[in-house]
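**Student:** show me how the following folds:
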Amino acid sequence: MTVQSPNPDQMRLIAQVLSLHYEEGRLQSQIAKELALSTAKVNRLIKQGRELGMIQITINSPLLKYFDLEREIAKRWNLKKCLVVSSVTGSPQATLNEVGKGAASLLMDSIRDGDTIAISGGKTLSTMIENLSTASKFDVRITPLTGGVQGQHYTDVNHLATELANKLSGEATLIHAPLHATTEEERDIIMSLKSVQAVMDQSRQADIAIVGIGAVAGADSTYYTAQPVSEVERQRLYRSGVRSEFLGHLIQKDGSASGNTYNSRLVSMPPRDLVNIPVSIAIASGPEKVEPIAAALNGGYFNSLVTDEHTANTLLHKEAD
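**Tutor:** Reported below is the predicted structural model:
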């Protein structure tokens, strides 16, 4: 439909109205009073100016690049929410701290009284809890998604559940079981215990889940801290397609759970059960986490992601290759 060009007087009036509204921030009612027009007439003039292409809106903000990354990642992996925070050049710890702040903010936006919040262990979750600051008290329960890891007190799931409950003035349920059993038979016995079943059932019915994503390559791999294996075995697993650790499970590049024996010994909620939790937030950052994040995203196990700008950029570029 062709828009008929107004006469010069009309064009001048439109320009005047647009200037008052967009440049000076006047309300339409104020413009109407000043120019002795009806509010409806002012509204029509603004609409006419838009149709004539007289309005161009430019937003200048350093945050726009983050919004673009969030949209791309959310669209690529069908996420409900993606939050990208700033990377601190030359300081992985400072970057992790920014990611922790972002995750804490997203969690606070999601919490409601009566919620059950299920969490995993790990350094990233610990950083999020450290950055959680609230004067509000919430009627919430925190419950573990996995068994515990001996010797890793400050990043162990029971410790983190207690810390998060303290921050929110809620209650914590603890799990008295290891993450890694020695054999599959031992794992089955542990999972059959009523106390362990009760924790897992509570976690399955959670309203919110917060999970870290672990690396399986590199000297600082969190998975091999909890499950020590030889360098030869690490390389074998990587060659077989393993790229990520999620809820203690080794995850293949395509997002499927690996069929190796390590996964069969886990005291943990299966990743596929996480999809039934309404808000599921995964948190990870750093170059060593790009492949792990991509694999976990390919599995479709969670609907929200928090990461940093550099990791987000690398993730998208790697997936585009």
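**Student:** C-alpha from now on. contacts and neighbour counts both.
**Tutor:** Noted.
**Student:** which of the helices and strands in the chain ranks last by mean pLDDT?
**Tutor:** Using mean pLDDT, DSSP states H and E, the weakest-scoring helix or strand in the chain turns out to be helix 222-226, at a mean of 74.
**Student:** what are the buried residues along that helix?
**Tutor:** If you call a residue buried by 16 or more other CA atoms under 10 Å, then helix 222-226 has these buried ones: 222, 223, 224, 226.
**Student:** residue 305 in helix, strand or coil?
**Tutor:** Look at residue 305: counting by DSSP: H, G, I helix; E, B strand; the rest coil, its state is strand.
**Student:** go ahead and confirm residue 273 touches residue 205.
**Tutor:** No: counting by CA atoms under 8 Å, residue 205 is not a contact partner of residue 273; they are 9.8 Å apart.
**Student:** name every strand pairing with the strand ranked longest in the chain and say which way it goes.
**Tutor:** Counting residues, the longest strand found in the chain (DSSP state E) is strand 208-214. Strand pairing for strand 208-214, determined by DSSP bridges: strand 116-119 (parallel), strand 242-246 (antiparallel), strand 279-283 (parallel).
**Student:** and it, how far out from the chain's middle?
**Tutor:** 8 Å (CA atoms, centre = their mean, to the nearest Å).
**Student:** what are the contacting residues of it?
**Tutor:** Residues from elsewhere that reach strand 208-214 (CA atoms under 8 Å, 6 or more residues apart in numbering): 110-111, 115-122, 124-125, 221-223, 244-247, 274, 277-284, 289, 292-293, 296.
**Student:** helices of this protein, residue ranges please.
**Tutor:** Counting by DSSP state H, the chain has helices at residues 8-18, 28-35, 39-51, 64-77, 92-110, 123-130, 157-168, 184-192, 194-204, 222-226, 231-239, 290-299, 309-320.
**Student:** let's have the ones you listed in TSV, adding distance to residue 178.
**Tutor:** Below are these laid out as TSV (distance: least, CA to CA, whole Å):
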stretch	distance to residue 178
helix 8-18	66
helix 28-35	65
helix 39-51	64
helix 64-77	32
helix 92-110	26
helix 123-130	18
helix 157-168	10
helix 184-192	9
helix 194-204	10
helix 222-226	10
helix 231-239	22
helix 290-299	23
helix 309-320	31
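**Student:** please name whichever of the ones you listed is nearest to residue 86.
**Tutor:** Of all those, helix 309-320 sits nearest to residue 86, with 5.5 Å by CA to CA.
**Student:** weakest of the helices of the chain by average pLDDT?
**Tutor:** If you rank the helices of the chain by mean pLDDT, helix 222-226 sits at the bottom with a mean of 74.
**Student:** chain center to that one: distance?
**Tutor:** With CA atoms, centre = their mean as the basis, helix 222-226 stands 22 Å off its chain's centre.
**Student:** contacts for stretch 304-312?
**Tutor:** Outside stretch 304-312, the residues that reach it (CA under 8 Å, 6+ apart) are 66, 69, 73, 79-87, 95, 98-99, 102-103, 279-287, 289-290.
**Student:** before we move on, back to that, got a quick ChimeraX command for the buried subset of the contacts of strand 208-214?
**Tutor:** Those of the contacts of strand 208-214 that count as buried under 16+ other CA under 10 Å are selected in ChimeraX with:
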select :111,115,116,117,118,119,120,121,122,124,125,221,222,223,244,245,246,247,274,277,279,280,281,282,283,284,289,292,293,296
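**Student:** could you tell me the end-to-end distance of stretch 245-255?
**Tutor:** 11 Å (CA to CA, to the nearest Å).
**Student:** list of residues touching that stretch?
**Tutor:** Contacts of stretch 245-255 with the rest of the structure, by CA under 8 Å, 6+ apart, involve 120, 145-146, 179, 211-216, 223, 241-244, 257-258, 262-263, 266, 268-271, 291-292, 294-300.
**Student:** now, of those residues, which are buried?
**Tutor:** 120, 145-146, 179, 211-216, 223, 242-244, 257-258, 262-263, 266, 268-271, 291-292, 294-300.
**Student:** gap between the residue nearest to residue 169 when sequence neighbours are not counted and residue 94?
**Tutor:** In space, and not counting its chain neighbours, residue 169 is closest to residue 137: 5.3 Å by CA to CA, 6 or more residues apart in numbering. Between residue 137 and residue 94 the distance is 28 Å, computed by CA to CA.
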